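**Q** got a sequence here, can you build the structure:
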Amino acid sequence: MEILQEKKDGKLIIRISGRIDSVSSETLENTIKPVIEGGENKLAVDFSKIEYISSSGLRAILLFAKLTKKGSGSVVLFAMNENIKEIFKISGFISIIQVVETEQEALAAL
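**A** Numbers count the residues shown, from 1 in each chain. Predicted coordinates for the structure are as follows:
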């Protein structure tokens with residue numbers, strides 16, 4: 001898994017590639033949680049290069065949503081493939097965390 005961060009219009013874009021599973025979700029949490037705790041509360045997460053997400057990966061995304069909400073911010077996910085989107089629908093996360101198609105829509109939603 002690779003995690004890249006980019007600031008755009010005062011918002012943080014997180015680009016993740018690879019798999020978010022029980023091993024890599026810990027790395028994801030350890031990378032992004034301190035960023036949120038440091039004051040970043042508007043996150044757009046690029047899912048275009050995510051091949052797989054496990055329940056622990058879903059938990060990490062939910063943690064980010066809760067942490068940003070405490071700071072009056074939010075998390076918007078974008079560019080999900082249909083398989084990943086189906087996982088979010090089945091788990092009910094699609095109703096908890098906003099999912100849009102494009103980076104521009106994500107930035108506008110924040």
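**Q** show me what the residue sitting nearest the centre point of the chain bridges to in the sheet.
**A** By C-alpha atoms, centre = their mean, the chain has its centre lying nearest to residue 45, at 4.0 Å. Judged by DSSP bridges, the bridge partners of residue 45 are residue 14, residue 77.
**Q** quick one: it and residue 17 touch, right?
**A** No: using C-beta atoms under 8 Å, residue 45 is not in contact with residue 17; the gap is 11.8 Å. C-beta coordinates here come from the backbone N, C-alpha and C atoms, glycine included.
**Q** residue contacts, the residue nearest to the centre of the chain?
**A** Residue 45 makes contact with 13-14, 16, 61, 64, 75-78, 106, according to C-beta atoms under 8 Å, 6 or more residues apart in numbering.
**Q** and the gap between it and residue 100?
**A** According to C-beta to C-beta, to the nearest Å, residue 45 and residue 100 sit 11 Å apart.
**Q** do the same with residue 47
**A** Using C-beta to C-beta, residue 47 is found at 10 Å from residue 100.
**Q** and what of residue 60?
**A** Using C-beta to C-beta, one obtains 20 Å as the distance from residue 60 to residue 100.
**Q** same question, residue 71
**A** Counting by C-beta to C-beta, the gap from residue 71 to residue 100 is 21 Å.
**Q** also residue 92?
**A** Noted for residue 92: a distance of 18 Å to residue 100, by C-beta to C-beta.
**Q** ok, residue 9 - contacts?
**A** Applying C-beta under 8 Å, 6+ apart to residue 9 gives the contacts residue 107.
**Q** the more surrounded of residue 47 and residue 100?
**A** residue 47 (21 against 17; other C-beta atoms under 10 Å).
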